[in-house]
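# Build me a model:
(one chain, ligands or ions: 1)
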Amino acid sequence: MNNREVAKLTDKYVAKTYTRYPIALVRGKGARVWDADGKEYLDFLAGIAVNGLGHCHPAVVRAIERQAKKLLHVSNLYHIQPQAELARELCRHSFADRVFFCNSGAEANEAAIKLARRYGGEHLGGKYEILTAHDSFHGRTLATLTATGQEKVRAGYDPLPAGFRQIPFNDLGAAEAAINETKTAGILVELIQGEGGINVADESYMRGLRELCDRRGLLLIFDEVQTGMGRTGKLFGYEHFGVQPDIMTLAKALGGGLPLGAMLAREDVAKSFGPGSHASTFGGNPLVCSAGLAVMKTLLQGGALRNCVKMGKILAQGLERLKERFSCARAIRGKGLILGLELEMEGAKIVEACMAEGLLLNCTAYKVLRFVPPLTITAKEIERGLAILEKVLARL
Ligand SMILES: Cc1ncc(COP(=O)(O)O)c(C=O)c1O
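Numbers count the residues shown, from 1 in each chain. Reported below is the predicted structural model:
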């Protein structure tokens, strides 16, 4: 099938929840993908920060092939070796002692919210409320869209579950003022708001939130669904901020392209989940965890993280050059290889023009071009992508 045929089939049979570009991607290698008509693209979006190691990384493909021949799924009624090994690696290299596996970012946050409520019931006198930030994004289940600080995500789903309230991002005073003595159990926050426009938390804000949560006996929950697994140049984004959460959520790049989410917690918090308190049929199955283990081992070798830091600098410098040349470019934000270029106007037309020229990226919060290429991208590929963007900006 060609692009047009796939699009026609999608239009006829698939639920219309997405606005799609008129191409069907059929093959990928590293930072490059090809569509059904054979056109090649540089991929600066990487499946929205999922393909952290690039498309079809050999270690991930090998792990999937090997596991697929052995065992795909058994359920969590039994022990699963790749799941146990991945949990061990995640705990060894983070603040956490225990991991709950699921299938997506929303489910990881759903698990974090449920754990916080149980912890609140057991240790905080029945407190249950979670504070989240304006412009945050935590997922599309009923609880996580209620946690999300964007009206457009919540619209049309009333009545929403109780127990969530939004506060301004990066405003410690507002966080303290918002705490309800009898209700608030925790604060759920992204270190860099990915969907909200690549808004980076101040280090002082994060340290302040940690201190505030300690002082007021609240749980601090980091949503690292987008920033985790090397995206910022460190394995987890919180490592940049000198603070540790009580609970953290991961997904996106964790499974190397397979659907895998995780909720990590310290033992004293994780204890509030006992047998039967939460579950997922597919969560942490042998196949996805084998892929996750390959991702984790590859990241721990260090090369991809070092490359992320180096390439992040090259990309940021290149964007800085564009900002100097084009008055429509206002600001550059981000860390490592999660970068945003804020524009004066909406970015949709630029994204479309870049795609036509062979560069995939997207736009968040209407005006912020988002760059989340594979951590393994080369300097040459970055320069090529920047040249396309420059050409498009000059034309528009
Ligand atoms: C920070 C953050 N949390 C949660 C989610 C939801 O993840 P998923 O789409 O896998 O449910 C996303 C997705 O973009 C995200 O960026």
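# Every contact and neighbour count from this point should use C-alpha atoms.
OK.
# does the residue nearest to Ile64 when sequence neighbours are not counted count as helix, strand or coil?
Distances taken as C-alpha to C-alpha, 6 or more residues apart in numbering put Ala291 closest to Ile64, at 5.8 Å, once the chain neighbours are dropped. For Ala291, the assignment made with DSSP: H, G, I helix; E, B strand; the rest coil gives helix.
# My guess is Ala291 contacts Ala63. True?
Yes: in this structure, Ala291 is within contact of Ala63 by C-alpha atoms under 8 Å, at 5.8 Å.
# What is the neighbour count of the residue nearest to Ile64?
28 (other C-alpha atoms under 10 Å).
# what's the distance between it and the ligand?
16 Å (C-alpha to the nearest ligand atom, to the nearest Å).
# can you give me how far the helix or strand containing Met206 is from the chain middle?
For Met206, the host element (DSSP states H and E) is helix 203-216. With C-alpha atoms, centre = their mean, to the nearest Å as the basis, helix 203-216 stands 23 Å off its chain's centre.
# same check, this time on stretch 79-95
Its chain's C-alpha centre and that of stretch 79-95 lie 20 Å apart, by C-alpha atoms, centre = their mean.
# got the residues of the stretch 101-250 of the chain near the ligand?
Applying C-alpha under 6 Å from any ligand atom, we find that the stretch 101-250 of the chain lies next to the ligand at Ser104, Gly105, Ala106, Phe137, His138, Gly139, Gly194, Glu195, Asp223, Glu224, Val225, Gln226.
# Now, of those residues, which are buried?
Buried subset of these (neighbour count, 16 or more other C-alpha atoms under 10 Å): Ser104, Gly105, Ala106, Phe137, His138, Gly139, Gly194, Glu195, Asp223, Glu224, Val225, Gln226.
# Columns pLDDT and secondary structure on top of those, output as TSV?
Formatted as TSV, those follow (pLDDT from 0 to 100; DSSP: H, G, I helix; E, B strand; the rest coil):
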residue	pLDDT	secondary structure
Ser104	98	coil
Gly105	98	helix
Ala106	98	helix
Phe137	98	coil
His138	98	coil
Gly139	98	coil
Gly194	97	coil
Glu195	96	coil
Asp223	98	strand
Glu224	98	coil
Val225	98	coil
Gln226	98	coil
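# What are the boundaries of the helices in the stretch 101-250 of the chain?
For the stretch 101-250 of the chain, the helices defined by DSSP state H, counting those that start in this stretch occupy 105-123, 142-147, 151-154, 172-178, 203-216.
# Surely Phe95 touches Arg266?
Yes: when contacts are counted by C-alpha under 8 Å, Phe95 is listed as touching Arg266 (6.9 Å).
# could you pull out the strands for the stretch 51-200 of the chain?
98-102, 129-133, 164-167, 184-189, 192-193, 199-200 (DSSP state E, counting those that start in this stretch).
# To clarify, my last question referred to the stretch 201-350 of the chain.
219-223, 247-250, 261-265, 329-335, 338-343.
# Direction included, what does the second one pair up with?
So the one you mean is strand 247-250. Applying DSSP bridges to the sheet, strand 247-250 is found paired with strand 219-223 (parallel), strand 261-265 (antiparallel).
# circling back to that earlier point, pull up the overlap in contacts between Ala291 and Ala63.
Residues within reach of Ala291 and of Ala63 at once, by C-alpha atoms under 8 Å, 6 or more residues apart in numbering: there are none.
# related to what we said a few turns ago, who wins for proximity to Ala111 among the strands of the stretch 201-350 of the chain?
strand 261-265 (6.6 Å; C-alpha to C-alpha).
# quick one: contacts of that closest one?
So strand 261-265 is in contact with 91, 95-105, 107-109, 111-112, 246-252, 254-255, 283, going by C-alpha under 8 Å, 6+ apart.
# how far out from the middle of the chain is that strand?
Worked out by C-alpha atoms, centre = their mean, strand 261-265 lies 13 Å from the chain centre.
# Next, the angle helix 105-123 makes with it.
Here the directions of strand 261-265 and helix 105-123 differ by 30 degrees (axes from the mean of the first three to the mean of the last three C-alpha atoms, to 10 degrees).
# So is strand 261-265 next to the ligand?
No: judged by C-alpha under 6 Å from any ligand atom, strand 261-265 and the ligand are separated, with a smallest distance of 7.4 Å.
# quick check: angle from that strand to strand 98-102?
Between strand 261-265 and strand 98-102, the angle comes out at 160 degrees (the same axes, to 10 degrees).
# what comes up buried for strand 261-265?
Buried, per 16+ other C-alpha under 10 Å, within strand 261-265: Gly261, Ala262, Met263, Leu264, Ala265.
# how many neighbours does Gly149 have?
Gly149, neighbours per other C-alpha under 10 Å, totals 25.
# Surely Thr184 touches Leu131?
Yes: under the criterion of C-alpha under 8 Å, Thr184 makes contact with Leu131 at 7.3 Å.
# Read off the pLDDT value for Leu396.
Leu396 is assigned 86 on the pLDDT scale.
# residue contacts, it?
Contacts of Leu396 by C-alpha under 8 Å, 6+ apart are Ile350.
# cool, Phe164 as well?
By C-alpha under 8 Å, 6+ apart, the contact set of Phe164 is Glu129, Ile130, Leu131, Thr132, Thr146, Ala147.
# 7 Å instead, please
Residues in contact with Phe164, defined by C-alpha atoms under 7 Å, 6 or more residues apart in numbering, are Glu129, Ile130, Leu131, Thr146, Ala147.
# nearest to Leu212, of those?
For the contacts of Phe164, the nearest to Leu212 is Leu131 (12.8 Å; C-alpha to C-alpha).
# who are the neighbours in contact with the closest one?
Phe164, Arg165, Gln166, Ile167, Gly186, Ile187, Leu188.
# Let's see that with 10 Å instead.
147, 149, 163-167, 175, 178-180, 184-189, 220 (C-alpha atoms under 10 Å, 6 or more residues apart in numbering).
# hmm, back to that, give the residues shared as contacts by Thr184 and Leu131.
Gly163, Phe164, Arg165, Ala178.
# of those residues, buried ones?
For the shared contacts of Thr184 and Leu131, a burial check counting by 16+ other C-alpha under 10 Å picks out Gly163, Phe164, Arg165.
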